[in-house]
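1. whatever this is, show me its structure:
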Amino acid sequence: MWPIIKITYREMISKRIFTITLIMSLAFLLLFGLATGYAIKEMKESSFGNAGPDALLQKNFFSTQLLGMGLYFGSVITALLAILSSVGSIASEIESHQIDTWLARALPRYKYVLGKFFGLASMLGLYGLLMFFGLLAINQWVGGGALAVQVGGDQILKAAAFFVGMPIILVCVAMLLSSMTTTVTGGIILIILYGISFIGGFIEQLGVAFSNSSLTNIGIISSLVFPTDSLFRQMTISLFDTADDPLSFASQGIFGTTSPPSTTMLIYSILYGIVALGLSIRVFQKRDV
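-> I've put the predicted structure just below:
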């Protein structure tokens with residue numbers, strides 16, 4: 001299984017999409033840093049620079065909104081890299097018949113799938129950590145005392161775990177689709193599922209905010225169909241909800257949540273990924289290649 005993991009590393013690094021994503025990620029972090037820097041400059045020249053209670057509340061709300069926005073788009077970039085890198089992990093090799101070389105060595109198919117999974121999950125998990133801590137570092141260092149969100153070590157570790165969990169679940173589902181369909185078909189299905197999850201998440205927050213049970217139920221159903229948005233909402237709660245801010249970000253703003261995911265939902269998300277990976281092994285073992 002280890003040779004499969006090493007080859008997966010090489011294949012992923014050699015892909016053009018990986019290089020492009022790295023370059024665009026650096027550009028995104030640079031843009032986020034510039035936005036944070038200019039925001040601090042504007043705050044010092046406006047009423048945000050005052051020491052009154054209203055200005056303090058506005059400053060804390062703005063700082064969490066800015067970091068939340070960065071984390072949101074960072075999660076989208078990470079998710080797209082996960083989808084584009086993993087959805088063809090099995091299907092593309094079947095289409096090109098490169099998989100015949102491995103199967104001819106009497107390598108158990110489950111080891112092949114697990115090797116692909118561990119290689120992709122570890123690489124994307126590392127990328128997710130770098131993205132998360134990169135955004136947080138910009139907020140803390142560039143933001144300084146004006147825009148730096150006050151968070152503790154436990155909050156950071158919990159939030160990082162949920163942030164990394166999103167691409168890993170995407171890899172699990174991508175492995176299942178890759179073992180069943182072609183690369184293009186699997187990619188389209190997974191992008192649509194990801195979109196349903198995040199749109200449904202926003203609908204659920206609107207439903208809770210306006211006490212509309214229909215919108216709330218639609219959001220819950222979308223989370224059951226694909227639970228990545230639940231992990232993002234839990235990530236924001238872990239990072240912001242217990243911070244030493246007068247205004248809790250977790251219940252404010254479009255990137256926060258007014259309806260925290262339950263423990264049952266988080267367990268469901270974990271089981272969702274495990275079941276998807278297990279099904280990918282079962283389907284691939286029965287597939288005629």
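
2. pull stretch 199-217 out as CSV, backbone CA atoms only.
-> Extracted C-alpha coordinates of stretch 199-217, given in CSV (Å, rounded to 0.1, in the frame of the first residue of the first chain):
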residue,chain,number,x,y,z
ILE,A,199,-26.4,26.8,-0.4
GLY,A,200,-28.5,24.6,1.9
GLY,A,201,-26.4,25.9,4.8
PHE,A,202,-27.1,29.5,4.0
ILE,A,203,-30.8,28.6,3.6
GLU,A,204,-30.9,27.0,7.0
GLN,A,205,-29.3,30.0,8.7
LEU,A,206,-31.9,32.3,7.0
GLY,A,207,-34.7,29.9,8.1
VAL,A,208,-33.6,30.0,11.7
ALA,A,209,-33.1,33.8,11.7
PHE,A,210,-36.6,34.4,10.3
SER,A,211,-38.2,31.5,12.2
ASN,A,212,-39.2,29.8,8.9
SER,A,213,-39.4,26.1,9.4
SER,A,214,-39.6,25.3,5.7
LEU,A,215,-36.3,27.0,5.0
THR,A,216,-34.7,25.4,8.0
ASN,A,217,-35.9,21.9,7.0
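
3. quick check: mean pLDDT across that stretch?
-> The predicted model gives stretch 199-217 an average pLDDT of 86.

4. same check, this time on stretch 59-68
-> Mean predicted confidence for stretch 59-68 is 79.

5. same question, stretch 149-161
-> Here the average pLDDT along stretch 149-161 is 89.

6. and if you look at stretch 12-26?
-> Taken as a whole, stretch 12-26 has an average pLDDT of 86.

7. one more: stretch 177-187?
-> Per-region confidence: stretch 177-187 scores 92 on mean pLDDT.

8. buried stuff in that stretch?
-> 177, 178, 179, 180, 182, 183, 186, 187 (16 or more other C-beta atoms under 10 Å). For every residue, glycine as well, the C-beta is placed using N, CA and C.

9. just name the closest of those residues to residue 65, please.
-> For these, the minimum distance to residue 65 (C-beta to C-beta) is 32.1 Å, reached by residue 187.

10. just to check, the closest one is in contact with residue 83?
-> Yes. Using C-beta atoms under 8 Å, residue 187 is in contact with residue 83, at 6.3 Å.

11. quick revisit: residue 234: which of the buried residues of stretch 177-187 is nearest?
-> For the buried residues of stretch 177-187, the nearest to residue 234 is residue 177 (24.7 Å; C-beta to C-beta).
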